[in-house]
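K.L.:
Quick one, what's the 3D model for this:
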Amino acid sequence: KALADQKPPVPVYAIGIGESAAPRDIALGNLTAPAMAVKGGDAIAFRARLTATGFEGQRAVIVLSRGDVEVARQSDVVLPKDGEDLSVSLSHKPDLEGTHSYRMTVLPVEGELNADNNAVVQTVKVVSEKMRVCYLDERPRWEYRKLANFLKRNDTLYASTCLLFSASNDFKQEGTHKIS
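P.N.:
You can find the predicted model right below:
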């Protein structure tokens, strides 16, 4: 006889313990930002995923800080429905050279039970010198054209040179600086 078909010798009563609703919580996760940036160059975009349970439609404040210094703030972020994610983004133009730890935090909202998951951290290396790029290719392709145009227009580059090996002698090689 199968064990499931047998009657237990002692009656078993199941009793549920705990809250029937999920705890009210706000959490930040998956912070992304470039690993490297140029001091005084373009602003860095810090993006994170915000989830909330029990706070639908309420407002929160998100702060970006470098160490103990606040560098950006977004007020009046409308919290999403339970089970939905909200992409949040803050920008900062780096002004200090070195390796810095940036922290994005959603300030605790009244009624939140756990504020330990309200912050995420990302490390960014800020350099003072612009990068130098030399792009070499055998023949012209659409990738060459796209990258050559990007390199010529990018303000975070000191010098860019694009060379095609298969080009004829009268072909004008591209870039911001010539290689002699």
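
K.L.:
quick one: the strands in this protein?
P.N.:
25-32, 36-38, 44-53, 59-66, 69-78, 85-92, 98-106, 119-127, 131-137, 157-164, 174-175 (DSSP state E).

K.L.:
For Pro80, give me its contacts.
P.N.:
If a contact means Cβ atoms under 8 Å, 6 or more residues apart in numbering, then Pro80 has Leu50, Thr51, Ala52, Glu56, Leu86 as its contacts. All C-beta atoms are positioned from the backbone trio N, CA, C, and that covers glycine.

K.L.:
these two touch, right, the fourth one and Leu86?
P.N.:
What it means is Glu56. No - Glu56 lies out of contact with Leu86 (Cβ atoms under 8 Å); the separation is 11.0 Å.

K.L.:
As JSON lines, the strands of the chain with distance to Glu112 and mean neighbour count would be great.
P.N.:
Listed next are those as JSON lines, based on distance: least, Cβ to Cβ, whole Å; neighbours: other Cβ atoms under 10 Å:
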{"stretch": "strand 25-32", "distance to Glu112": "6", "mean neighbour count": "17"}
{"stretch": "strand 36-38", "distance to Glu112": "32", "mean neighbour count": "18"}
{"stretch": "strand 44-53", "distance to Glu112": "9", "mean neighbour count": "20"}
{"stretch": "strand 59-66", "distance to Glu112": "10", "mean neighbour count": "18"}
{"stretch": "strand 69-78", "distance to Glu112": "14", "mean neighbour count": "14"}
{"stretch": "strand 85-92", "distance to Glu112": "16", "mean neighbour count": "16"}
{"stretch": "strand 98-106", "distance to Glu112": "9", "mean neighbour count": "18"}
{"stretch": "strand 119-127", "distance to Glu112": "13", "mean neighbour count": "16"}
{"stretch": "strand 131-137", "distance to Glu112": "43", "mean neighbour count": "14"}
{"stretch": "strand 157-164", "distance to Glu112": "44", "mean neighbour count": "18"}
{"stretch": "strand 174-175", "distance to Glu112": "53", "mean neighbour count": "18"}
